[in-house]
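J.: Mind looking at a prediction? Sequence and model below.
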There are 2 protein chains.
Amino acid sequence: MGSDGGQRTWGIAQLVEDFGVTARTIRFYEDRGLLAPRRRGQQRVYEVRDRVRLALVLRGRRLGFSLGEIATIVDMYDAEPGEAGQLRYLLDQIAARRLDLERRRRDIDETLAELAVVADRCRDDLAGLAAGS
Amino acid sequence: MGSDGGQRTWGIAQLVEDFGVTARTIRFYEDRGLLAPRRRGQQRVYEVRDRVRLALVLRGRRLGFSLGEIATIVDMYDAEPGEAGQLRYLLDQIAARRLDLERRRRDIDETLAELAVVADRCRDDLAGLAAGS
DNA sequence: CCAGATCTTTACGTTGACGTCAACGTAAGC
DNA sequence: GCTTACGTTGACGTCAACGTAAAGATCTGG
């Protein structure tokens, strides 16, 4: 059905539009090893896997991870099977990440709960103003 | 029961030890308006509310907020009732923060789920190595 | 064939969040 | 009164994560 047989590719400008980041940012991520697009001549050609990686990077960024941490995380996703030592190391890394993420979620839940309290107080104050006017 | 009648105070060195940050960081937060300890002469004297604020700041930091965002958040907690416009503005700010935090939580849940998949694959590979040796 | 648009590399600038001195004040113990 | 420890205020350094500007390559429509 697709006229390109599923071999769809994108230029850097499309990624800029689709992901809401600048071209500078995308090239910077490539420079830091987070992306590795093909080249057609001198120009960058992005495929689906590049888009997936970029999406992972941006999610990591939203979570406040440094690019170094993001690199170790996204590299987990497409790690080769490797030997037992590598696998155990990877499992350790994953466990560490899990602890980190779970603490973040606790922090988030606490903050949300406290903001709800402040919002309630706020609405009470508003109601009081309306009643007392 | 407390020999100081609940009027406990702390020096900067205690905060350093208790919170695991440097004195430089604590003074920097004060410079940015996030803390405002009393002074005994020239030296800083921290009370319970200062510790609470510092804990809030550090939690915001763990969540990846900038110090400017953290300032707006912690200022929400001890905002004066104020007038209706202020209250509505505060409610808007809280709503925006909630959206932000809820997206972060979704990001975290997705990441945790994907890391679980990678970990499973990892354990399978390890089992395969053990069986094939 | 050429202007304009898009992409490229290179390199320096900027901002936030501190680190790292340097130089000085002050309180405690001997 | 002198040292030692701790605290203080500048002031400059640093690092990550880009922004921004310069100058050339490449493609595209007219």
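T.: Structure's in. What do you need? Numbering: from 1, shown residues only, chains lettered A, B, ... in the order given.

J.: Quick check: residues of chain A near DNA strand C?
T.: A:11-13, A:23-24, A:27, A:42-44 (CB under 7 Å from any atom of the strand). Just so you know, the C-beta spots here come from the backbone N, C-alpha and C atoms, and that holds for glycine as well.

J.: out of those, which is most surrounded?
T.: Across the residues of chain A next to DNA strand C, neighbour numbers were computed from other CB atoms under 10 Å in any protein chain shown; residue A:44 holds the maximum, 20 neighbours.

J.: which helix is the longest one in chain A?
T.: helix A:84-132 (DSSP state H).

J.: Show me what it is packed up against.
T.: Here helix A:84-132 touches helix A:67-77, helix B:48-62, helix B:67-77, helix B:84-132, going by 3 or more CB pairs under 8 Å, 6 or more residues apart in numbering or on different chains; DSSP states H and E.

J.: That helix: how far from the chain's middle?
T.: Mean C-alpha position of helix A:84-132 versus that of the full chain (CA atoms, centre = their mean, to the nearest Å) differs by 18 Å.

J.: sorry, back to before: in strands, which of the residues of chain A next to DNA strand C fall?
T.: A:43-44 (DSSP state E).

J.: Export the residues of chain A next to DNA strand C as CSV, with columns for pLDDT.
T.: Formatted as CSV, these follow (pLDDT from 0 to 100):
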residue, pLDDT
A:11, 95
A:12, 96
A:13, 95
A:23, 96
A:24, 97
A:27, 97
A:42, 89
A:43, 93
A:44, 95
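
J.: wait, which of the residues of chain A next to DNA strand C is closest to residue B:72?
T.: Within the residues of chain A next to DNA strand C, proximity to residue B:72 (CB to CB) peaks at residue A:24, which comes in at 28.2 Å.

J.: For that closest one, give its distance to DNA strand D.
T.: Distance of residue A:24 to DNA strand D, computed by CB to the nearest atom of the strand, to the nearest Å: 4 Å.

J.: so how far is DNA strand D from residue A:104?
T.: 16 Å.

J.: who's in contact with that residue?
T.: The contact partners of residue A:104, by CB atoms under 8 Å, 6 or more residues apart in numbering or on different chains, come to A:63, B:62-63, B:104, B:108.

J.: Which pLDDT value goes with it?
T.: On pLDDT, residue A:104 comes in at 95.

J.: coming back round to it: need the max-distance pair from the residues of chain A next to DNA strand C.
T.: The distance between the two most remote of the residues of chain A next to DNA strand C (CB to CB) is 17.1 Å, for A:24 and A:42.

J.: List the buried residues of stretch A:30-50.
T.: If you call a residue buried by 16 or more other CB atoms under 10 Å in any protein chain shown, then stretch A:30-50 has these buried ones: A:30, A:34-35, A:37, A:44, A:46, A:50.

J.: Narrow those residues to those in helices?
T.: Counting by DSSP H, those place A:30, A:50 in helices.

J.: Closest one to residue A:118 out of the buried residues of stretch A:30-50, please.
T.: Using CB to CB, residue A:34 is the member of the buried residues of stretch A:30-50 that lies nearest residue A:118, at 37.7 Å.

J.: Quick one, grab the pLDDT at the residue sitting nearest the centre point of chain A.
T.: The residue lying closest to the centre of chain A (CA atoms, centre = their mean) is residue A:59, at 1.4 Å. Per-residue pLDDT puts residue A:59 at 96.

J.: Name all residues that make contact with the residue nearest to residue A:129 when sequence neighbours are not counted.
T.: In this structure, residue A:129 finds its nearest non-sequential neighbour in residue B:84, 5.3 Å apart by CB to CB, 6 or more residues apart in numbering or on different chains. For residue B:84, the contacting residues are A:126, A:129-130, by CB under 8 Å, 6+ apart.
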